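1. curious how this folds, go ahead:
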Amino acid sequence: MSIRSELATSARAIIGEFGYALTLSRTTGSSYSSVTGTNTLTTANFSVVGVVTDYTENEIDGVTILSEDRKVIIQGGVAVPQVNDTITGFYGTMRVVSVNTTTITASVDMFYVCQVRA
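-> Residues are numbered from 1 along each chain as shown. Sure thing, here's the model as predicted:
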């Protein structure tokens, strides 16, 4: 087993042990009803495991990262978070502002660090 594989296994195990069940939601489209005259959004939901943490005072700049922003670290391999997705858990629903991916190889993601905002 390579060092990268060992790191990935360890990262997933730690997130799995200390993380919480979260729902990652993404609007995938909409449909128009001529009968009701309304648009209905179509949403895809993914069950993920993640750790929610605060940003440190040194990371908060008041422009890119605000004091109410949170960091959500999600296990790789289930769904790739995207900007404007929502993550719902015990703390409520927050919108994804940015995503950083840590990869094992070009095709295997270890975990995702999402900046989220209420």
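2. quick one, grab the pLDDT at the most far-flung residue of the chain relative to its centre.
-> The centre of the chain is farthest from one residue, Val35, which by CA atoms, centre = their mean lies 36.2 Å away. Val35 carries a pLDDT score of 90 in this model.
3. that one: what secondary structure?
-> Per DSSP: H, G, I helix; E, B strand; the rest coil, the local secondary structure of Val35 is coil.
4. look up phi and psi at it.
-> When read as degrees, to the nearest 10, the backbone of Val35 gives phi -70, psi -50.
5. now the longest strand that the chain contains: mean pLDDT?
-> The longest strand of the chain (DSSP state E) is strand 38-54. Average pLDDT, strand 38-54: 94.
6. so how far is that strand from its chain's centroid?
-> Centre-to-centre, strand 38-54 and its host chain are 8 Å apart (CA atoms, centre = their mean, to the nearest Å).
7. buried ones in the helix or strand just after that strand, by neighbour count?
-> Downstream of strand 38-54, the first helix or strand assigned by DSSP states H and E is strand 70-75. Buried residues in strand 70-75, defined by neighbour count with 16 or more other CB atoms under 10 Å: Arg70, Lys71, Val72, Ile73, Ile74, Gln75. C-betas here are computed from N, CA, C, even on glycine.
8. could you list every helix and strand in contact with strand 70-75?
-> helix 3-18, strand 20-33, strand 38-54, strand 108-117 (3 or more CB pairs under 8 Å, 6 or more residues apart in numbering; DSSP states H and E).
9. which of the buried residues of strand 70-75 sits closest to Ala44?
-> Ile74 (15.4 Å; CB to CB).
10. give me the beta-bridge partners of the closest one?
-> Per DSSP bridges, the residues bridged to Ile74 are Gly50, Tyr112.
11. from here on, count from 474
-> Will do, 474 is the new start, and the previous item becomes Ile547.
12. who's in contact with it?
-> Ile488, Leu495, Leu497, Val521, Val522, Gly523, Pro554, Ile560, Phe584, Tyr585, Cys587 (CB atoms under 8 Å, 6 or more residues apart in numbering).
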